[in-house]
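K.L.:
what's the 3D shape of this:
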Amino acid sequence: MPIEIVLLVLLGACLHATWNALVKSGTDKQLDSTMVALGASVASIAALPFVPMPAAAAWPYILASVCIHFTYYQLVGAAYKHGDIGLVYPLMRGAAPLLVATSTTMFLGEHLTPMMYVGIGTISAGVLALAFEARGGGSTSRAVGVALLNAVVISLYTYVDGIGARAAGNPIAYTLWICILPPIPLFAYAFATRGRATVVRHVTTTWKRGLFGGAGSVASYGLALFAMTKAPIAAVAALRETSILFALLISVLILKERASPWRYVAGAVIAAGGLAMKLG
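P.N.:
Numbers count the residues shown, from 1 in each chain. So this is what the prediction gives:
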């Protein structure tokens, strides 16, 4: 994997950790995740005039991705409602690349080098170790179940969007469109379940956070999809999980959460996995 692609994926990982931290620190996790989707949509609409339309072959993937991302945002909010970021984030992001890596040959015909498999396994082991360390902090079994379910959803949209970005002819255009549409079903669901007054009040008080988090979300995923057009999808998906390192730094330096030495060891394991993937 070229060094410039590695750096782009790492930047995207940092942005991804940032918007997840915004959701976790919010007052209403479900609506906060919906606000991030709205912010991503606004940022994407602003950038739309500067990119071409995706190729016709990409639109089935775009529509499928919108449905999958609706589920993803709902599960993000639910997971952070029941568990802390030290448990939920590693489980969601750590299990997903394992699912992708173990099935990429079957579904896409991609063959990874042995060193790439070592890197994928090492990164996943590191983030899962963080999750099991955090499990001792009283997080609920429901949070674990929701996080693992979302890992399946993440692996599903990784496949759909990795293929769709290639079919689109322009990965940036593809990214913008899959970010523009999800707020439609998300807000329809929010209005139906939470009521118009509650949703409108939340929008008016958190729109700045939503716009900032949404812009970071678009940039993060756009960088990942661009990388997937230049490198194997499974390799990019695994390297992207180094976002847990950035999440750890945010939790300690900004959120002032305490981190045990075990978390730093696990972080070093993740970094080692990233190096193994680079060497692969």
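K.L.:
run a quick neighbour tally on A46.
P.N.:
A46: 12 surrounding residues under other C-beta atoms under 10 Å. The way it works is simple: take the backbone N, C-alpha and C, and place the C-beta from them, glycine included.
K.L.:
any idea how far it lies from W262?
P.N.:
42 Å (C-beta to C-beta, to the nearest Å).
K.L.:
over to L63?
P.N.:
Taking C-beta to C-beta, one finds L63 at 43 Å from W262.
K.L.:
which other residues reach stretch 179-189?
P.N.:
Stretch 179-189 is contacted from outside by 34, 37-38, 40-41, 43-45, 48, 62, 66-67, 69-70, 73-74, 199, 214, 217-218, 221, using C-beta atoms under 8 Å, 6 or more residues apart in numbering.
K.L.:
identify each buried residue in the helix or strand where W59 lies, please.
P.N.:
Per DSSP states H and E: W59 is located in helix 59-82. If you call a residue buried by 16 or more other C-beta atoms under 10 Å, then helix 59-82 has these buried ones: 59, 61-62, 64-66, 68-82.
K.L.:
likewise for stretch 208-228?
P.N.:
Judged by neighbour count using 16+ other C-beta under 10 Å, the buried positions of stretch 208-228 are 209-228.
K.L.:
and what of stretch 24-36?
P.N.:
24-26, 28-36.
K.L.:
got it, and stretch 36-56?
P.N.:
Residues of stretch 36-56 classed as buried by neighbour count (16+ other C-beta under 10 Å): 36-44, 47, 51, 54.
K.L.:
now, which of these sits nearest S141?
P.N.:
Nearest to S141 among the buried residues of stretch 36-56, counting by C-beta to C-beta, is V36 at 26.2 Å.
K.L.:
residues in contact with the residue lying closest to that closest one once chain neighbours are set aside?
P.N.:
Leaving aside its chain neighbours, V36 sits nearest to G213 (4.2 Å; criterion: C-beta to C-beta, 6 or more residues apart in numbering). Contact partners of G213, counting by C-beta under 8 Å, 6+ apart, are 18-19, 22-23, 35-36, 39-40.
K.L.:
tell me the SS of G213?
P.N.:
At G213, secondary structure determined by DSSP: H, G, I helix; E, B strand; the rest coil is helix.
K.L.:
what about the buried residues of stretch 24-36, which are in helices?
P.N.:
Cross-referencing the buried residues of stretch 24-36 against helices under DSSP state H gives 24, 29-36.
K.L.:
show me where the stretch 1-150 of the chain has helices.
P.N.:
3-24, 29-47, 59-82, 85-108, 114-134, 141-168 (DSSP state H, counting those that start in this stretch).
K.L.:
so what's the residue count around V200?
P.N.:
If you count neighbours by other C-beta under 10 Å, V200 ends up with 11.
K.L.:
picking up where we left off before, lowest-confidence stretch among the helices of the stretch 1-150 of the chain?
P.N.:
Note on those: helix 85-108 shows the lowest mean pLDDT, a mean of 73.
K.L.:
put the alpha carbons of that one into PDB.
P.N.:
Only the C-alpha atoms of helix 85-108 are listed here, as PDB (Å, rounded to 0.1, in the frame of the first residue of the first chain):
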ATOM      1  CA  ILE A  85     -16.800   4.700  24.000                       C
ATOM      2  CA  GLY A  86     -14.000   2.600  25.400                       C
ATOM      3  CA  LEU A  87     -16.200  -0.500  25.000                       C
ATOM      4  CA  VAL A  88     -18.500   0.300  22.100                       C
ATOM      5  CA  TYR A  89     -16.000   1.900  19.600                       C
ATOM      6  CA  PRO A  90     -13.400  -0.900  19.700                       C
ATOM      7  CA  LEU A  91     -16.100  -3.600  19.300                       C
ATOM      8  CA  MET A  92     -17.800  -1.900  16.300                       C
ATOM      9  CA  ARG A  93     -14.500  -1.000  14.600                       C
ATOM     10  CA  GLY A  94     -12.500  -4.100  15.500                       C
ATOM     11  CA  ALA A  95     -14.900  -6.900  14.500                       C
ATOM     12  CA  ALA A  96     -15.700  -5.400  11.200                       C
ATOM     13  CA  PRO A  97     -12.400  -5.800   9.400                       C
ATOM     14  CA  LEU A  98     -12.200  -9.400  10.600                       C
ATOM     15  CA  LEU A  99     -15.500 -10.000   8.800                       C
ATOM     16  CA  VAL A 100     -14.300  -8.200   5.700                       C
ATOM     17  CA  ALA A 101     -10.900  -9.900   5.600                       C
ATOM     18  CA  THR A 102     -12.300 -13.400   6.000                       C
ATOM     19  CA  SER A 103     -14.800 -13.000   3.200                       C
ATOM     20  CA  THR A 104     -13.100 -10.700   0.700                       C
ATOM     21  CA  THR A 105     -11.700 -13.600  -1.400                       C
ATOM     22  CA  MET A 106     -15.100 -15.300  -1.600                       C
ATOM     23  CA  PHE A 107     -17.100 -12.200  -2.600                       C
ATOM     24  CA  LEU A 108     -14.600 -10.000  -4.500                       C
END
